[in-house]
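Asks: Model the following, please.
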Amino acid sequence: MNKAEVLKEIIEQRRSIFPKDYTDAEISQEVIDEILHSATLAPNHKRTKPWRFKIFKGEEKVNLASEMQAIYKATQPEQLFLEKKFNDIGFKINKADVVVSIVVNFSGMVPEWEEIAATSMAVQNMYLTCTANNIGCYWSSPKIVDSLKESLTIEENQKCLGLFYMGKLD
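Replies: Below you'll find the predicted structure:
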């Protein structure tokens, strides 16, 4: 196959694959680095490189799950609290081998939408690199990421756009 055919095949195969379908196998650091490197190759106006990613593995990932569950519990009125949703938050994070926070850094040099678009293109590069490496992944943007304080250090000019879950597939 030529490069165009390989690229077309990867684009056609790209899907959001959820943690319930991930195996317990670990993603190698080399593949994680490749996925993140591909993100940094996204086009961005004035070279602002507005994306900020933080990797959660191991204990940090467990802490992220606990923090998000606590946020959900604290922000839901008692009559709207769902035990299943509370448990799902922990399950999804803990089932993924790697969780990456997606944060946009607004430089003030270009319109905010351009930096959101550049960050989104960086995530698309991550999706395609995951697909090429048989890594399941998906981008989730639950409202509670706005309240993440302990796990993320969000500056005044930044906004968390969600979490990117990754796990090995059979």
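Asks: Residues contacting stretch 72-87, please?
Replies: 69, 89, 144, 147 (CB atoms under 8 Å, 6 or more residues apart in numbering). C-beta here means a position set from N, CA and C on the backbone, and glycine is covered the same way.
Asks: Which positions in the lengthiest helix in the chain come out as buried?
Replies: Identified as the longest helix of the chain according to DSSP state H is helix 112-132. The neighbour-count check on helix 112-132 (16 or more other CB atoms under 10 Å) flags 114-115, 117-132 as buried.
Asks: Can you tell me what sits against that helix?
Replies: 10-11, 13-15, 34-36, 38-45, 48-51, 100, 102-107, 136-137, 139, 161, 164, 166.
Asks: can you rerun that using 6 Å?
Replies: 10, 13-14, 35, 38-39, 42, 44-45, 50-51, 104, 106, 137, 139 (CB atoms under 6 Å, 6 or more residues apart in numbering).
Asks: Ok, stretch 136-146 next?
Replies: Applying CB under 6 Å, 6+ apart, the set of residues contacting stretch 136-146 is 16-18, 21-22, 68, 71-72, 123, 130, 160, 162-167, 169.
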